[in-house]
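S.K.: Next one to model:
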Amino acid sequence: MTHLLSVYGIAGLTAYFGLLDVGKAEGGRDRRGSRPRPASVGSIVGQIARIKGCRVVGIAGGKDKCNWLTSELGFDAAVDYKDGAVFKALEGCGT
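M.R.: Numbers count the residues shown, from 1 in each chain. Down below sits the predicted model:
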C-alpha cells in the first residue's frame, strides 16, 4: 500500500498534471524539463511522456540508474550526470 501512495499520491499527481496540463506534452513536440532524474516524480513523468508518444531522455546519477531508466522504464536514452559531460551527452541524444 505504501508503494502505491507514490504513484497515486502527490508524486503521481505532480507528474501527471505537471506534464499534461502545464507542459501540454504530446508526441512529436519537443519538451524539455528541468533535471528529470529518476526520482519519484521524474520516473513517472518519463513513463507518461512515453505513453503520449514523446521521446524521453532521463538524467540520472550512475550507470545502474541510467540502465534502469532505459531497460525497465522504457526511456529512449539516459545521461549520467556523474560522468561530468552532461551537456555534451545531451547533444548526443538529439535533445
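S.K.: C-terminal to the lowest-mean-pLDDT helix or strand in the chain, what's the next element?
M.R.: Every helix and strand of the chain was ranked by mean pLDDT, DSSP states H and E. The lowest is helix 2-8, at a mean of 66. With elements assigned by DSSP states H and E, the helix or strand that comes after helix 2-8 is helix 10-17.
S.K.: Show me which residues of that following helix are buried.
M.R.: Neighbour-count burial for helix 10-17 flags 11-12, 15 (criterion: 16 or more other C-beta atoms under 10 Å). C-beta here means a position set from N, CA and C on the backbone, and glycine is covered the same way.
S.K.: Now tabulate the residues you listed in a markdown table and tack on distance to residue 77 and pLDDT.
M.R.: A markdown table is the format used below for the buried residues of helix 10-17 (distance: C-beta to C-beta, whole Å; pLDDT from 0 to 100):
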| residue | distance to residue 77 | pLDDT |
| --- | --- | --- |
| 11 | 23 | 80 |
| 12 | 24 | 80 |
| 15 | 19 | 84 |
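S.K.: Between those residues, which sits nearest residue 61?
M.R.: residue 11 (18.6 Å; C-beta to C-beta).
S.K.: what's that closest one in contact with, if anything?
M.R.: 40-41, 44 (C-beta atoms under 8 Å, 6 or more residues apart in numbering).
S.K.: try it again with 10 Å
M.R.: 5, 39-45 (C-beta atoms under 10 Å, 6 or more residues apart in numbering).
S.K.: ok and the helix or strand that contains residue 41 relative to helix 10-17, angle-wise?
M.R.: Counting by DSSP H and E, the element that carries residue 41 is helix 40-51. Using axes from the mean of the first three to the mean of the last three C-alpha atoms, to 10 degrees, the inter-axis angle of helix 40-51 relative to helix 10-17 is 40 degrees.
S.K.: Helix 40-51 packs against which elements?
M.R.: If you count contacts as 3 or more C-beta pairs under 10 Å, 6 or more residues apart in numbering; DSSP states H and E, helix 40-51 packs onto helix 2-8, helix 10-17, strand 57-60, helix 63-71.
S.K.: Can you say which of those is packed in most?
M.R.: Highest mean neighbour count among the helices and strands packed on helix 40-51 (mean count of other C-beta atoms under 10 Å): strand 57-60, with a mean of 23.
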